[in-house]
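Visitor: Quick one, what's the 3D model for this:
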Amino acid sequence: MLGHFFLVKHIHYLFLVGAALLAGCHRDAERISYDLTGKYTAVSVITAANPIAMYTAAGQVTSQPVITRFLAKRAWLDTYFSATDAPVANNGTLTLTFRGNNRATLLSAAPGYATDSIRAEVTDQQLTSFRLQNLDSAANFTSTTYCPRPAELAAYIKDAYPGKKCINTSPATGYGQYCQTRPVRIIGAHGNQLYVPYFSWLVEGGRCSLASGGEWNTFNRAVLSHLVAGDTIVVQEREIALKR
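Guide: Got it, this is the predicted structure:
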């Protein structure tokens with residue numbers, strides 16, 4: 001699965017997603033306006049389409065040397081952010097096949113791993129992007145976070161979050177909740193060119209941090225209004241082109 005070769009510390013199965021045909025346009029001015037039917041393959045390069053951005057409660061940090069020094073002290077973030085284009089790891093492949101009825105299939109593979117097939121549907125469609133939600137749900141247990149302040153900010157940092165239903169579990173289980181989720185991810189479009197928005201983020205606050213790399217998502221700037229003294233956010237939106 002592509003999640004294995006885009007593996008990061010806090011997020012799993014990053015490329016277990018699908019795509020879907022964009023059907024009927026009742027509001028043409030707000031929707032991608034061309035026929036997506038067919039097969040798309042992800043290129044092997046992660047494009048540094050946007051610079052690394054850093055924010056605190058005082059506002060945006062515009063000095064790139066300051067950002068570089070900040071990240072250099074956190075060597076575990078080496079694969080999360082990049083000022084230059086970077087190759088896709090482990091020779092992984094990703095194919096999206098768009099079909100009718102707002103359905104599509106994604107096949108992901110990497111040498112040494114089994115091929116995964118994921119079904120998804122379009123749940124939202126705009127002029128420059130659309131959202132994909134897995135047709136099948138996944139079950140998992142979640143632990144009580146050891147980083148409450150970063151977790152609070154992480155709840156706002158992305159534009160798309162999975163549909164989730166959770167129930168609390170007994171403390172004896174060692175987990176906080178049992179959840180059923182349907183992952184949702186974003187596909188972007190530059191005109192007729194589709195791409196995966198390869199979003200990475202770091203949140204620090206309360207003397208601990210949370211981070212994720214390579215999510216199919218985009219930055220929700222509304223999180224900036226929640227920053228207080230001691231909070232730091234670093235984000236970057238890179239891209240992987242999808243060739244028809």
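Visitor: The protein: helices as residue ranges?
Guide: 2-5, 64-72, 148-154 (DSSP state H).
Visitor: Most tightly packed of these?
Guide: Counting by mean count of other CB atoms under 10 Å, helix 2-5 has the highest mean neighbour count of those, with a mean of 22. All C-beta spots, glycine's among them, are computed from the backbone N, C-alpha and C.
Visitor: so where's this structure uncertain?
Guide: In the predicted model, the chain carries pLDDT under 70 at residues 1-34, 144-145.
Visitor: Taking the centroid of it, which residue is nearest it?
Guide: residue 215 (2.0 Å; CA atoms, centre = their mean).
Visitor: That one and residue 183 touch, don't they?
Guide: No: Residue 215 lies out of contact with residue 183 (CB atoms under 8 Å); the separation is 10.2 Å.
Visitor: hang on, the earlier thing: now the helices of the chain in JSON lines, with distance to residue 204?
Guide: Output for the helices of the chain, formatted as JSON lines (distance: least, CB to CB, whole Å):
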{"stretch": "helix 2-5", "distance to residue 204": "25"}
{"stretch": "helix 64-72", "distance to residue 204": "9"}
{"stretch": "helix 148-154", "distance to residue 204": "6"}
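Visitor: out of those, nearest to residue 137?
Guide: helix 2-5 (16.8 Å; CB to CB).
Visitor: Report the beta-bridge partners for the residue nearest to the centre of the chain.
Guide: residue 199 (DSSP bridges).
Visitor: any idea how far it lies from residue 68?
Guide: 23 Å (CB to CB, to the nearest Å).
Visitor: Same question for residue 59.
Guide: Taken as CB to CB, the span from residue 59 to residue 68 is 19 Å.
Visitor: cool, residue 53 as well?
Guide: 13 Å.
Visitor: Then residue 42?
Guide: With the distance defined as CB to CB, residue 42 ends up 29 Å from residue 68.
Visitor: Near the residue nearest to residue 84 when sequence neighbours are not counted, how many other residues are there?
Guide: Excluding the flanking residues, the one nearest residue 84 by CB to CB, 6 or more residues apart in numbering is residue 48, at 5.5 Å. Neighbouring residues of residue 48 were enumerated by other CB atoms under 10 Å; the total is 18.
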